[in-house]
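Engineer: Sequence first, predicted coordinates after that:
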Amino acid sequence: LFLLFIGNDFESIDGNVAVIDINGVIVAEKSTDFLFEDVTSSEEVIKLIRKADDNQNIKAIVFRVNSPGGSPVASEEIANEIKKINKTTVAWIREAGASGAYWISSSTDYIVASRMSITGSIGVISSYLGFSGFLSEHNVTYERLVSGNLKDIGSPLKDMTAEEKMLFEKKIGILHDYFVEEVANNRNLKKKDVEKIATGIFYLGSEAKELGLVDELGGKD
């Protein structure tokens, strides 16, 4: 078996299996904010997927996954593009395929994971640091000028009201439901069964296999 590795600048033209990396935080597009850490841009991955799918010599695409997740939008974009592929697709989870990275992995035909890898973590997070107490202690005020009473919802410079917290959690709940639904559909599982394990906790590869989240334990071979 010959492999065609597709990376940033390197490509071998004598293989029949494309290997595309999903490394680091998943984002819609790269920026200077991520200069010193690995990121996966959905724009770049989609270009590589289409390139491999258009190549008649390529018979299958392996997604080499080592990511804690990232943007729900970027994760869904990659997952949707994988579903369009007319070839065999495999997710190979090495150290981590969690959250958005698991969403992507679940959209492939088959998932292989290390028994000690971190998988699953089906959940949504939108936490932040609050500085309202710090401002008060240092006699700094937050001058609130908004044209809508919820315009600055989630601002770290003020405490969140009960109404704002409820609305924020409602939005997160909707995103969580999208995630659960996609995993259930992708893995041919009942939604109610996925809901039971979609607590946000991560599972080791060995546990994920028992739960039906991965198909096989192993590595590249």
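Structural biologist: Cool, got the structure.

Engineer: in the chain, which spans are strands?
Structural biologist: 3-6, 17-27, 39-41, 60-70, 88-98, 110-113, 118-120, 202-204, 216-217 (DSSP state E).

Engineer: Mind listing the strands the last one pairs with, and their directions?
Structural biologist: Read that as strand 216-217. Using DSSP bridges, strand 216-217 pairs in its sheet with strand 110-113 (parallel).

Engineer: Give me whichever of the strands of the chain is most buried.
Structural biologist: strand 118-120 (a mean of 26; mean count of other Cβ atoms under 10 Å). Every residue, glycine included, has its C-beta placed from N, CA and C.

Engineer: sorry, back to before: possible to save the strands of the chain as TSV with distance to Asp53 and mean pLDDT?
Structural biologist: As requested, the strands of the chain are exported to TSV (distance: least, Cβ to Cβ, whole Å; pLDDT from 0 to 100):
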stretch	distance to Asp53	mean pLDDT
strand 3-6	11	56
strand 17-27	9	92
strand 39-41	18	90
strand 60-70	7	93
strand 88-98	10	95
strand 110-113	17	97
strand 118-120	26	91
strand 202-204	30	92
strand 216-217	24	96
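
Engineer: could these go into JSON lines alongside distance to Lys47?
Structural biologist: Listed next are these as JSON lines, based on distance: least, Cβ to Cβ, whole Å:
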{"stretch": "strand 3-6", "distance to Lys47": "10"}
{"stretch": "strand 17-27", "distance to Lys47": "10"}
{"stretch": "strand 39-41", "distance to Lys47": "9"}
{"stretch": "strand 60-70", "distance to Lys47": "13"}
{"stretch": "strand 88-98", "distance to Lys47": "16"}
{"stretch": "strand 110-113", "distance to Lys47": "23"}
{"stretch": "strand 118-120", "distance to Lys47": "26"}
{"stretch": "strand 202-204", "distance to Lys47": "30"}
{"stretch": "strand 216-217", "distance to Lys47": "29"}
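
Engineer: nearest to Ala162, of these?
Structural biologist: strand 60-70 (29.2 Å; Cβ to Cβ).

Engineer: sorry, back to before: ok, which of the strands of the chain comes nearest Ile172?
Structural biologist: Going by Cβ to Cβ, the one of the strands of the chain nearest Ile172 is strand 60-70, 14.5 Å.

Engineer: Off-centre distance for the closest one?
Structural biologist: For strand 60-70, the distance from its own C-alpha centre to the chain's C-alpha centre is 9 Å (Cα atoms, centre = their mean, to the nearest Å).

Engineer: ditto for stretch 163-175
Structural biologist: The answer for stretch 163-175 is 20 Å, by Cα atoms, centre = their mean.

Engineer: try stretch 39-49
Structural biologist: With Cα atoms, centre = their mean, you get 13 Å for stretch 39-49.

Engineer: Just the CA atoms of it, as PDB, please.
Structural biologist: Provided in PDB are the C-alpha atoms of stretch 39-49 (Å, rounded to 0.1, in the frame of the first residue of the first chain):
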ATOM      1  CA  VAL A  39      -4.200  24.900  14.300                       C
ATOM      2  CA  THR A  40      -6.400  23.300  11.600                       C
ATOM      3  CA  SER A  41      -8.200  25.600   9.300                       C
ATOM      4  CA  SER A  42     -11.400  24.300   7.800                       C
ATOM      5  CA  GLU A  43     -10.700  26.400   4.700                       C
ATOM      6  CA  GLU A  44      -7.400  24.600   4.100                       C
ATOM      7  CA  VAL A  45      -8.700  21.100   5.000                       C
ATOM      8  CA  ILE A  46     -11.600  21.500   2.600                       C
ATOM      9  CA  LYS A  47      -9.200  22.400  -0.200                       C
ATOM     10  CA  LEU A  48      -7.200  19.300   0.500                       C
ATOM     11  CA  ILE A  49     -10.200  17.100   0.700                       C
END
